[in-house]
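Asks: Based on what follows, work out the 3D shape:
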Amino acid sequence: MATEVVRAKRSKHVPVVLTRSETQRVLAQLSGTRWLIVSLLYGAGLRLSEALRLRVKDIDIEYRQIVVRDGKGRKDRVSVLPDTLLPHLQAHLAKLREWFGVDADRCTAPVSMPYAIKRKYPHASRSWPWQYVFPSASTCRDPLDGETVRHHLHPKTVQRSVTQAVRRAGITKPASCHTFRHCFATHMLEAGYDIRTVQELLGHADVKTTMIYTHVLNRGGRGVRSPLDSA
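Replies: Now for the predicted structure:
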């Protein structure tokens with residue numbers, strides 16, 4: 001006898017979102033590179049992995065945009081580069097360029113590269129445009145060919161800093177690095193941007209995924225008046 005198998009429905013969880021003031025309180029507890037990375041998560045709606053994988057060539061200062069390469073679903077997209085971060089990002093890149101110049105002169109480790117590109121452009125790994133915006137201070141071995149390379153910062157480095165910043169800010173919500181991407185989407189919708197624009201900036205394939213943030217906007221007292229207040 002044939003048995004009908006019922007596919008389990010994916011659970012729908014409302015994402016954790018900080019208010020604007022809470023977001024600023026957490027950011028105020030960060031400094032330096034960690035502050036810049038988390039500011040990009042919030043200001044451009046990036047995932048942590050996307051921010052750490054950014055290369056110099058992906059930052060377009062003139063057009064005020066960030067090109068996210070090979071994001072979720074292996075798709076590229078363009079997001080906004082906040083004007084507020086421009087001087088900080090330019091100063092960071094200037095220091096990185098100086099450090100890269102010294103590192104290149106020593107002929108030390110090239111940057112880690114996607115395997116196909118590494119084969120097609122063997123010298124690109126030592127060029128400035130391909131350097132990570134947030135490189136690791138130490139080197140490692142490329143698992144593909146065993147070459148000593150320089151990778152980007154480890155995600156745990158930023159995750160630990162955010163956890164500590166949330167605690168110091170006195171936030172009781174279970175906020176993480178990904179929370180700042182949720183904050184970006186929610187605050188954009190609060191500011192009046194249409195959901196299609198937010199969908200494109202986040203890189204969602206289906207607008208239904210972006211719709212979860214409308215639930216955040218409407219929950220609690222934001223969309224409903226409690227009967228206790230009407231008594």
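Asks: so how far is stretch 196-204 off the chain centroid?
Replies: Taking CA atoms, centre = their mean, to the nearest Å, one finds stretch 196-204 lying 14 Å from the centre of the chain it belongs to.
Asks: and that stretch, which residues are buried?
Replies: Applying a neighbour-count criterion of 16 or more other CB atoms under 10 Å, one finds Val198, Gln199, Leu201, Leu202, Gly203, His204 buried in stretch 196-204. No exception for glycine: its C-beta is placed from N, CA and C like everyone else's.
Asks: Leaving out chain neighbours, which residue sits closest to Leu93?
Replies: Val56 (6.8 Å; CB to CB, 6 or more residues apart in numbering).
Asks: Can you check the pLDDT for that neighbour?
Replies: pLDDT recorded at Val56 is 96.
Asks: What distance do you get for it to Ser138?
Replies: The spacing between Val56 and Ser138, counted by CB to CB, to the nearest Å, is 20 Å.
Asks: more crowded one of those two?
Replies: Val56 (17 against 9; other CB atoms under 10 Å).
Asks: all helices in this protein, in order from the N-terminus.
Replies: For the chain, the helices defined by DSSP state H cover 20-27, 32-44, 48-52, 86-105, 115-120, 155-168, 179-190, 195-202, 207-210, 212-218.
Asks: Pro15 touches Thr214, doesn't it?
Replies: No - the criterion here is CB atoms under 8 Å, and Pro15 misses it with Thr214 at 11.7 Å.
Asks: how many neighbours does Val14 have?
Replies: 11.
Asks: you'd agree it is up against Leu217?
Replies: No - contact criterion CB under 8 Å: Val14 and Leu217 do not qualify, at 10.6 Å.
Asks: Count the neighbours of the residue lying closest to Tyr115 once chain neighbours are set aside for me.
Replies: In space, and not counting its chain neighbours, Tyr115 is closest to Leu144: 5.3 Å by CB to CB, 6+ apart. Neighbourhood size, Leu144 [other CB under 10 Å]: 13.
Asks: before we move on, the earlier item: contacting residues for the residue nearest to Leu93?
Replies: By CB atoms under 8 Å, 6 or more residues apart in numbering, the contact set of Val56 is Leu93, Leu96, Trp128, Pro129, Trp130, Gln131, Tyr132, Val133.
Asks: now swap in Ile59 and tell me
Replies: Contacts for Ile59 (CB under 8 Å, 6+ apart) come out as Ile66, Leu81, Leu89, Leu93, Val133.
Asks: pLDDT below threshold where in this protein?
Replies: Counting by pLDDT under 70, the ranges of the chain that qualify are 1-12, 71, 73, 102-108, 218-231.
Asks: same thing but at 80, please
Replies: 1-14, 70-74, 101-109, 115, 143-146, 215-231 (pLDDT under 80).
Asks: Next, format the buried residues of stretch 196-204 as JSON lines and append distance to Met113.
Replies: Formatted as JSON lines, those follow (distance: CB to CB, whole Å):
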{"residue": "Val198", "distance to Met113": "32"}
{"residue": "Gln199", "distance to Met113": "31"}
{"residue": "Leu201", "distance to Met113": "27"}
{"residue": "Leu202", "distance to Met113": "27"}
{"residue": "Gly203", "distance to Met113": "23"}
{"residue": "His204", "distance to Met113": "28"}
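Asks: Need the nearest residue in space to Leu30, chain neighbours excluded.
Replies: Ala165 (5.1 Å).
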